Structures are given as structure tokens and as C-alpha cells.
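> The following comprises the amino acid sequence and a computationally predicted model.
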Amino acid sequence: MNNILLDTNILIYLLQGNVSIKEMIEGKTWFISYISEMELQVKPDLTPIELKAVHSLLDECLIL
């Protein structure tokens, strides 16, 4: 199966550069919930660079 549902913690690990997680989900279609999408974007101290990284990651996901 090439689909995987990711939660917010996994997305945060990806944003932090966790290579082992990236390797585990590589080649799969990433699904996330609308809640996870919102949680990533509402962190109050996000810098513009971090927000850009969040948006790039979200572009790789299909939102449920």
C-alpha cells in the first residue's frame, strides 16, 4: 500500500529533519487531517522561514 496517514507529531519530526521518518514514508502518498494542517500553522513564534517550510511540507500532503 502506498498511502499513509500522518499525524502532527510526524510532520513536526519531518520539519526538524528526521531522516529515519522521511525514509519510512518515502514513495508513499501522504494524507493528513485538516486539524494537523491547522496545528502546524498556528504556532505563535513561527518565523517567516519556518512558515515557508510548513507550507512546502503541506504542499506534499493531501488534506482530509
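Okay, I see it.
> Contact partners for the residue nearest to the spatial centre of the chain?
For the chain, residue 11 is the residue whose C-alpha lies nearest the centre (C-alpha atoms, centre = their mean; 3.3 Å). Shown in contact with residue 11 (C-beta atoms under 8 Å, 6 or more residues apart in numbering): 32, 36, 40, 57, 61. C-beta here means a position set from N, CA and C on the backbone, and glycine is covered the same way.
> That one sits in which helix or strand?
For residue 11, the element it lies in under DSSP states H and E is helix 8-15.
> For the chain, just list every one of the strands.
3-6, 29-32, 61-63 (DSSP state E).
> for these, which one sits closest to residue 20?
strand 3-6 (14.3 Å; C-beta to C-beta).
> what helices or strands is the closest one leaning on?
The elements that strand 3-6 packs onto, with contact taken as 3 or more C-beta pairs under 8 Å, 6 or more residues apart in numbering; DSSP states H and E, are strand 29-32.
> Would you mind listing where the chain has pLDDT under the threshold?
Along the chain, segments meeting pLDDT under 70 are nowhere present.
> now do 80
Across the chain, the ranges flagged by pLDDT under 80 are 1.
> and the longest helix for it?
helix 48-59 (DSSP state H).
> Grab the CA positions of it and hand them over as CSV.
Only the C-alpha atoms of helix 48-59 are listed here, as CSV (Å, rounded to 0.1, in the frame of the first residue of the first chain):
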residue,chain,number,x,y,z
PRO,A,48,8.7,33.5,8.0
ILE,A,49,11.3,30.9,7.0
GLU,A,50,9.7,28.2,9.3
LEU,A,51,6.2,29.1,7.9
LYS,A,52,7.6,28.7,4.4
ALA,A,53,8.9,25.3,5.3
VAL,A,54,5.5,24.3,6.8
HIS,A,55,3.7,25.4,3.6
SER,A,56,6.2,23.4,1.5
LEU,A,57,5.6,20.3,3.6
LEU,A,58,1.8,20.8,3.4
ASP,A,59,2.1,21.1,-0.4
